[in-house]
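Asks: here is my input; please provide its structure:
(2 chains)
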Amino acid sequence: MLKMEHLRKNYGTFLLDCSLEILPGRITGLIGQNGAGKSTTFKAALGLITPDSGNICILGKNIQDLGAKEKQDLGVVLSDSGFSGYLTIKDIIPVLDSLYEKFDKAFFQDQIRKFGLPDNKKIKEFSTGMKAKLKVIVAVSHNARLLILDEPTAGLDVVARDELLEMLRDFMEKDEDRAILISSHISGDLETLCDDVYMIHEGKIILHEETDVLLSDYALLKADERQYVAMDKQYILRTKKESFGFSCLTNQKQYYMENYPKLAIEKGTIDGVITMMIRGDMV
Amino acid sequence: MKGLLIKDMKLMKNMKNSLLMILIIAVGMSYYMKDLSFIIVYLALLGATFTSSTLSYDEFDKGYTFLFSLPVTKKEYVIEKYGLGLIMSGGGWLLGTVLATVAGLIRNNGFAMDNIMVGITLLPIPMILLSILLPFHLKFGGEKGRIVMISVVGVLIVVGVIGGKLVEGMHLNIDALLENLSALSMGPMAAGGIGISLILLILSCRISISIVNKWEF
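Replies: Here you go, the predicted structure:
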């Protein structure tokens, strides 16, 4: 669905150098700190910026050949941009109907009602949460094959977030060839939704892992000085000096559980793993 | 393309009070003003500037980034703006011509063919304004675009004044030249004017496409 190979974009003080692949039937997460390069990656995937080098292939086409026809198959949410705030939902319905050949007006209106969005109020008067809901509803209402969602749950409360994630799961269930690339600063969203996760830091992908593997095999080992010295470090990805000794990130939890039963072991989480990958030292 | 046009029409709903005010002023002018051609130019030029306002709406809050993630190419976007410009300034021109004709009809108690001819002769003016306004706005944005355009028009006026002085210095008879021109039939003159402004509009559209093609978001 989407393949980026050594995509490079230089902004002087910031260099994006990214490779990733989104496969059909999968939800892929992109996680990283603010300014890590997530939005730049999304913009590159949509042809909104011109890369300095590298290849981007989207929906079987080279990014240079991404035209209006191909964009029919894309559903997009951008974190900092959307329909003009001077329009109302009533205004955008005929716009979407004309732009998208497969716009499902009945579904769109159903979702608007379900989420309680006012259709006669200007979008600029919407709350952050209402705007976020509208963006996602727009993205899923025209039978897209690939959703590219940059922070779609930003500003939403827990219940609304859950409803939106459910909408994304429903979207995937309707067609097994669909795919989603999603970024979120709320790692809990990605843990429950994504099949695999890319972690990006300072413009580079620092980790790509299946979410199940990350949650089952990754762990944080808490070791004092003596335990740390004695420990086999061949499966340690990162270490970090702490007041009690060392925190160590491993992708072989089972190995350490069996061989070092006295070690305090914390189950892997996306937050824990990314923090260690960024702040920890390589062994 | 149709979707973009609908979007712009919906955005222009926000300007309906200004549009109504302009219409009231135009009707008032048609009653009081001697030179009815001013109403035609006034309405046509305002139509062109309203098109430019839709660019400002698109520009606001990084709107372009989202707009170009929709099934819209940069070329289509530019062509739609020129199309909208023609609709708006053409609409303004038509309304102005109708108003001027009706006003002429009431005043002269007869059919005011002169006003229709004046309207046709003035048609190139909004087209020329559109040709200048849109590329400047697209290149420099709303605020800067206006400053650059005013500066360019200022420079053109200065060049015109200097040119006029030079012609005077060369002892050419401008009045005789203008008289000769008006001796030509009005029809071919208007057709020529419209033809030249159409070429200018197409050229301007091409320049705008190349400007927008360089946009990054």
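Asks: chain B contacts on chain A?
Replies: By CB under 8 Å from any CB of the partner chain, the residues of chain A that approach chain B are A:43, A:46, A:48-50, A:67-69, A:71-72, A:74, A:76, A:78, A:80-87, A:91-92, A:94-100, A:148. Where C-beta positions appear, they are placed from N, C-alpha and C, glycine not excepted.
Asks: secondary structure element holding residue A:18?
Replies: strand A:15-22 (DSSP states H and E).
Asks: against which helices or strands is that strand packed?
Replies: Strand A:15-22 makes packing contacts with strand A:2-10, strand A:27-31, helix A:38-45, strand A:179-183, strand A:204-210 when contacts are defined by 3 or more CB pairs under 8 Å, 6 or more residues apart in numbering or on different chains; DSSP states H and E.
Asks: now tell me what touches that strand from outside.
Replies: With CB atoms under 8 Å, 6 or more residues apart in numbering or on different chains as the test, strand A:15-22 has contacts from A:1-10, A:28, A:30, A:37, A:40-41, A:44, A:54, A:146, A:179-181, A:198, A:200, A:203-205, A:208.
Asks: which ChimeraX command selects the buried ones in those?
Replies: This is how ChimeraX selects the buried members of the contacts of strand A:15-22, with burial counted by 16 or more other CB atoms under 10 Å in any protein chain shown:
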select /A:1,2,3,4,7,9,28,30,37,40,41,44,54,146,179,180,181,198,200,203,205
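Asks: any weak-confidence spans in chain B?
Replies: Residues of chain B meeting the criterion pLDDT under 70: B:109-115, B:149, B:172-186.
Asks: hey, which helix is longest across it?
Replies: Looking across chain B with DSSP state H, the single longest helix is helix B:74-108.
Asks: narrow the residues of chain A next to chain B to those that are buried.
Replies: Of the members of the residues of chain A next to chain B, the ones counted as buried by neighbours, 16+ other CB under 10 Å, are A:43, A:46, A:48-49, A:71-72, A:74, A:76, A:78, A:81-87, A:91-92, A:94-100, A:148.
Asks: and the residues you listed, which of them are in strands?
Replies: Among those, DSSP state E puts A:74, A:76, A:148 in strands.
Asks: so what pairs up with the last one in the strands?
Replies: Legend: beta-bridge partners of residue A:148 under DSSP bridges are residue A:76, residue A:181.
Asks: let me know whether it touches residue A:48 as I believe.
Replies: No - applying CB atoms under 8 Å as the test, residue A:148 and residue A:48 come out as separate, 10.6 Å apart.
Asks: give me the common contacts of these two.
Replies: Counting by CB under 8 Å, 6+ apart, the common neighbours of residue A:148 and residue A:48 are residue B:69.
Asks: buried residues in the following helix or strand past the longest helix of chain B?
Replies: Note on helix B:74-108: by DSSP H and E, the next helix or strand toward the C-terminus is helix B:113-122. With burial defined by 16+ other CB under 10 Å, the residues of helix B:113-122 counted as buried are B:115, B:116, B:118, B:119, B:120, B:121, B:122.
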